[in-house]
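Chemist: got a sequence here, can you model it:
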Amino acid sequence: DLNDEIKNGMKAEEESQLDYEAQMEAAQQLHDELVTKKVSLEAAIAKRSDERSAEIEDKDENEKLLQDEVDYKTSITPDCDWILGAFDGRAKARTSEMNGLVGAKEFLVGKSSLIETSKTATFDDSALAKVRFLGLRR
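Modeler: Residues are numbered from 1 along each chain as shown. Below you'll find the model as predicted:
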């Protein structure tokens, strides 16, 4: 019958409308969540981009400092190598020079004390100061 069919149609239409409204509400809620997630991701991307820029600046600065250190090391390497290579030779030369000076001093003290002993029998501590050299005259 026609009235039952109209009632059933109206009931089906009402159920369809309620399903539609529930689906629209779920879709709107999902849309809102996705928009919130998009905004959150964009903020995170912007933050990471800033952090990455700061890291790149730090990296560039560190590379410049490293290059400065490498350049400095390169500039002092020849001098350091020379000092390391010549150290033993220079130490031996200083020792030889010191021994020569000590020997010369002892020789001069011995000569003056021989001269002093031939004149007098006492030892004079200031004998070295009295010794005159040909090139040094006061």
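
Chemist: show me how far the stretch of helix or strand residue 68 belongs to is from its chain's centre.
Modeler: Using DSSP states H and E, residue 68 sits within helix 2-119. Distance of helix 2-119 from the chain centroid (Cα atoms, centre = their mean, to the nearest Å) equals 9 Å.

Chemist: let me see the mean pLDDT of stretch 104-119.
Modeler: The average pLDDT within stretch 104-119 is 69.

Chemist: go on, stretch 76-87?
Modeler: For stretch 76-87, the per-residue pLDDT averages 88.

Chemist: next one: stretch 24-33
Modeler: Average pLDDT, stretch 24-33: 97.

Chemist: going forward, the N-terminal residue is numbered 50.
Modeler: I'll keep to 50 as the first residue from here, and by that count the last item is stretch 73-82.

Chemist: ok, back up a step: please name every helix or strand in contact with the helix holding residue 117.
Modeler: Applying 3 or more Cβ pairs under 8 Å, 6 or more residues apart in numbering; DSSP states H and E, we find helix 51-168 packed against helix 176-179. Where C-beta positions appear, they are placed from N, C-alpha and C, glycine not excepted.

Chemist: could you measure from residue 130 over to residue 123?
Modeler: 12 Å (Cβ to Cβ, to the nearest Å).

Chemist: go on, residue 94?
Modeler: Taking Cβ to Cβ, one finds residue 94 at 42 Å from residue 123.

Chemist: next, count neighbours for residue 158.
Modeler: 13 (other Cβ atoms under 10 Å).

Chemist: any idea how far it is from residue 138?
Modeler: 30 Å.

Chemist: what of residue 79?
Modeler: In terms of Cβ to Cβ, residue 79 sits 86 Å off from residue 138.

Chemist: likewise for residue 99?
Modeler: Taking Cβ to Cβ, one finds residue 99 at 59 Å from residue 138.

Chemist: over to residue 102?
Modeler: Distance from residue 102 to residue 138, by Cβ to Cβ: 55 Å.

Chemist: likewise residue 144?
Modeler: Counting by Cβ to Cβ, the gap from residue 144 to residue 138 is 11 Å.

Chemist: same thing with residue 88?
Modeler: 75 Å.

Chemist: now do residue 122
Modeler: Taken as Cβ to Cβ, the span from residue 122 to residue 138 is 25 Å.
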